[in-house]
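Colleague: need coordinates for the following:
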Amino acid sequence: MTGRADNFASRYLRVVLLSVVLGALIAAIGFLPTRRIAGDAGLTAMLAGCAIAVLAGWGGGLVACQTGGTAADRVNRMLGATALRLVVAAGLAVAAALSGMFAIKPLLLWVAIAYMVTLAGETVLIVRWVKSDHPPSGTEKDSKST
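Modeller: Below you'll find the model as predicted:
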């Protein structure tokens, strides 16, 4: 640990900030190409796609930022957070696509791009936490015992 409190609130704040920064970065990188290829309608769809990926990261972070538990609990939390993140992203993407407010192709393309970028960044952060949550040797029950 780094000496400061590493609790749910501080972890979740870091996930929120990281996903916002990564979402804004990917939107900035894609601004000119999207505008040139898809016009203003594509830009609106790009921003919506990036926002969907960021919101999905926030949803997954609610599960992933929990602390404590056995090694199996921590792995299950990570897998559950990833599944929740995917469900939130897919649900919001379908809702946005069916709303008729956005150009569908740029929307779905940018949901996928932003989702992958934010997922990669958040995964690095969360795996670091899972490793740091590991208790000292001899304090965790052996999972093979019955």
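Colleague: look up the closest residue to the residue nearest to the spatial centre of the chain, ignoring the ones flanking it.
Modeller: Nearest to the centroid of the C-alpha atoms of the chain, with distances taken as CA atoms, centre = their mean, sits residue 57, at 2.7 Å. The spatially closest residue to residue 57, leaving aside those adjacent along the chain, is residue 19, at 3.7 Å (CB to CB, 6 or more residues apart in numbering). For the C-beta atoms, the positions are set from N, CA and C on the backbone; glycine is no exception.
Colleague: which of the helices or strands spans that neighbour?
Modeller: Per DSSP states H and E, residue 19 falls inside helix 8-64.
Colleague: helices and strands around that helix, which ones?
Modeller: Helix 8-64 is packed against helix 71-99, helix 104-132, with contacts defined by 3 or more CB pairs under 8 Å, 6 or more residues apart in numbering; DSSP states H and E.
Colleague: and residue 25, which of these is closest to it?
Modeller: Closest to residue 25 of the helices and strands packed on helix 8-64, according to CB to CB: helix 104-132, at 7.8 Å.
Colleague: distance from that closest one to the middle of the chain?
Modeller: Centre-to-centre, helix 104-132 and its host chain are 5 Å apart (CA atoms, centre = their mean, to the nearest Å).
Colleague: number of nearby residues for residue 91?
Modeller: Taking other CB atoms under 10 Å as the criterion, the count of residues near residue 91 is 13.
Colleague: look up how far residue 121 lies from it.
Modeller: Residue 91 sits 22 Å away from residue 121, taking CB to CB, to the nearest Å as the criterion.
Colleague: hmm, back to that, distance of the residue nearest to residue 57 relative to residue 110?
Modeller: In this view, residue 19 and residue 110 are 15 Å apart by CB to CB.
Colleague: and for residue 73?
Modeller: 34 Å.
Colleague: then residue 123?
Modeller: For residue 123, the distance to residue 110 (CB to CB) stands at 20 Å.
Colleague: ditto for residue 125
Modeller: In this structure, residue 125 lies at 22 Å from residue 110, with CB to CB as the measure.
Colleague: now do residue 53
Modeller: Counting by CB to CB, the gap from residue 53 to residue 110 is 8 Å.
Colleague: next: residue 17.
Modeller: The span separating residue 17 from residue 110 equals 21 Å under the rule CB to CB.
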